[in-house]
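Undergrad: Kindly generate the corresponding structure for this input.
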Amino acid sequence: MRTYPVPLPPAEDSPSGGLMLRLRARGFRFLYVIDSVSLFVMMQLIMVARFGFEWPTYPFSHYLVGFLLATAIHLGVYYFGGMFEYEQRLGRPPWLPKAALLTGVAILFSTAIALGTGRYLVPRGNLLMFVIAAPVLIAFNRWYARGIRSRRFGAPRVLLVGPPEEVQSVQHHMRESGSDASVVGTASTTSDLLAAVETTDATDVLLLGGDRLEEIYPAPLDQLERRLIGVYHRVQPADTLLGLQRSRQIAGIPFVALRTHALPRYRLRLKRLLDLTLLLVALPMIALVVGLAALYVFSRAGRNIIYRQERVGHGGQIFEVLKFRTMIHDAEAMTGATLALENDPRVLPGMRWFRAARLDELPQLWNVVRGEMSLVGPRPERPAFVSRFEKRLPGYSRRHDVPPGITGLAQIRGQYQTEPGYKLGHDLHYVVNWSPVLDLMIMLETIVVMARRLAR
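TA: Model (predicted):
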């Protein structure tokens with residue numbers, strides 16, 4: 001997710017402008033090319049340092065293919081590790097430790113391939129030099145790219161928002177720290193924040209305290225983000241009670257970068273990749289379970305065992321969710337859209353346990369294949385309910401930052417009838433803390449919950 005200011009792209013009617021606009025829209029970065037060339041050349045230089053220009057054992061073509069594959073593996077690991085995400089201009093992220101960790105992960109992948117094929121992509125003797133040099137090179141590329149961006153687009157122009165004494169203190173710290181950012185304006189509150197940004201032509205906003213975050217979320221924070229204006233919140237003592245994990249130093253002061261969307265693009269793609277991998281591995285078992293469930297539903301509900309219903313998915317997009325039919329036909333013909341009730345009279349005989357065990361959600365595996373859903377995530381709600389909840393529950397739309405799931409944290413912690421406000425707390429906890437490990441834990445706990453309900 002790009003949250004730092006960049007200049008407007010060239011005019012769309014120019015060939016270069018149209019191309020750059022399309023590349024940016026698809027998340028392209030020149031760092032892809034720079035890192036690829038740098039890593040590939042480094043692997044050859046290490047070989048020259050060890051053996052000169054007469055490389056032993058294998059022909060040059062063998063090393064060429066191995067180096068290309070190793071480069072691709074490293075780029076993939078760096079991408080899914082977030083090394084290619086656009087960074088805010090203020091504060092410097094710790095590139096070197098992250099690059100070192102991800103380089104180690106990439107080498108483990110390369111080693112696994114070697115164990116399976118019997119051939120190392122990179123000679124084993126080169127690994128010690130590579131594991132030290134590669135992180136330094138990757139961190140240097142980002143430091144250099146950051147410097148080029150600053151020289152090309154100018155220093156950040158900062159708007160300070162907060163009490164006068166805080167503003168004066170931060171201005172003093174910025175002067176003393178030698179920060180290249182310039183203060184172009186101040187404001188005491190976040191009211192009319194958009195107007196203040198436009199008046200001062202600020203590229204970044206520092207919130208220094210005195211205002212509640214509810215006053216800028218979701219608006220005008222979402223508008224500032226779309227305009228690529230970085231917004232930062234100074235860490236207050238009370239903020240530490242929420243377990244802050246990431247902060248950045250700006251003029252020696254800890255800040256947290258604010259984003260309206262919790263998961264950047266690379267993490268969403270990693271989540272999608274993991275979903276498809278798990279589905280492929282479990283395909284035989286899935287086919288058996290879905291087949292048996294379909295036969296049971298047919299015996300209870302007759303034909304038309306699949307029920308389709310509009311739901312709100314990732315980014316607020318509408319899609320048709322698939323479910324096994326557990327209620328009578330035209331169950332809402334008289335009532336309209338209504339939430340499920342405890343001991344709902346519309347449920348077909350013999351289907352209450354089926355519904356309680358969440359087996360009616362199995363057809364949504366096809367929604368996962370289509371990319372409309374994920375295995376784990378907030379449950380998708382109907383458009384009518386979403387409109388109602390968004391008015392009543394501030395921040396409700398943030399649960400749409402990730403694809404909806406067949407199961408989720410709210411589903412294993414609550415019931416069909418759990419109050420939406422409580423479910424939202426589980427959903428937002430999941431969105432903010434997503435990781436592959438969390439997905440795995442929820443899937444395993446889902447199996448346990450289903451088994452318990454089937455045993456009742």
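
Undergrad: For the rest of this, base every contact and every neighbour count on C-alpha atoms.
TA: Noted.

Undergrad: so which helix or strand takes in Lys423?
TA: Taking DSSP states H and E as the definition, Lys423 sits inside helix 420-432.

Undergrad: Now that helix: buried residues?
TA: For helix 420-432, burial by neighbour count (16 or more other C-alpha atoms under 10 Å) applies to Lys423, Leu424, His426, Asp427, Leu428, Tyr430, Val431.

Undergrad: And for stretch 393-410?
TA: Quick answer for stretch 393-410 (16+ other C-alpha under 10 Å): 395-410.

Undergrad: Next: stretch 103-110.
TA: Thr103, Gly104, Val105, Ala106, Ile107, Phe109, Ser110.

Undergrad: In strands only, show me those.
TA: Nothing among the buried residues of stretch 103-110 maps onto strands, per DSSP state E.

Undergrad: Next, format those residues as JSON lines and append pLDDT and distance to Ser247.
TA: As requested, those are exported to JSON lines (pLDDT from 0 to 100; distance: C-alpha to C-alpha, whole Å):
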{"residue": "Thr103", "pLDDT": "96", "distance to Ser247": "23"}
{"residue": "Gly104", "pLDDT": "94", "distance to Ser247": "24"}
{"residue": "Val105", "pLDDT": "95", "distance to Ser247": "24"}
{"residue": "Ala106", "pLDDT": "95", "distance to Ser247": "26"}
{"residue": "Ile107", "pLDDT": "94", "distance to Ser247": "29"}
{"residue": "Phe109", "pLDDT": "92", "distance to Ser247": "30"}
{"residue": "Ser110", "pLDDT": "91", "distance to Ser247": "33"}
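
Undergrad: Please enumerate the helices of the stretch 301-450 of the chain.
TA: Chain-ordered helices for the stretch 301-450 of the chain, with DSSP state H, counting those that start in this stretch as the definition, fall at 352-356, 364-369, 383-392, 409-413, 420-432, 436-455.

Undergrad: Please name every helix or strand in contact with the last one.
TA: Helix 436-455 sits against helix 352-356, strand 374-376, strand 405-407, helix 409-413, with contacts defined as 3 or more C-alpha pairs under 8 Å, 6 or more residues apart in numbering; DSSP states H and E.

Undergrad: For it, buried residues please.
TA: Taking 16+ other C-alpha under 10 Å as the neighbour-count basis, helix 436-455 is seen to contain the buried residues Asp439, Ile442, Met443, Glu445, Thr446, Val449, Met450.

Undergrad: swap in the first one?
TA: Across helix 352-356, burial judged by 16+ other C-alpha under 10 Å covers Phe354, Arg355.

Undergrad: and it, C-alpha only, in PDB?
TA: C-alpha atoms of helix 352-356 as PDB (Å, rounded to 0.1, in the frame of the first residue of the first chain):
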ATOM      1  CA  ARG A 352     -30.100 -28.000  12.600                       C
ATOM      2  CA  TRP A 353     -27.000 -30.000  13.600                       C
ATOM      3  CA  PHE A 354     -25.700 -29.600  10.000                       C
ATOM      4  CA  ARG A 355     -26.000 -25.900  10.300                       C
ATOM      5  CA  ALA A 356     -24.500 -25.700  13.800                       C
END
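
Undergrad: Right, I'll leave it there.
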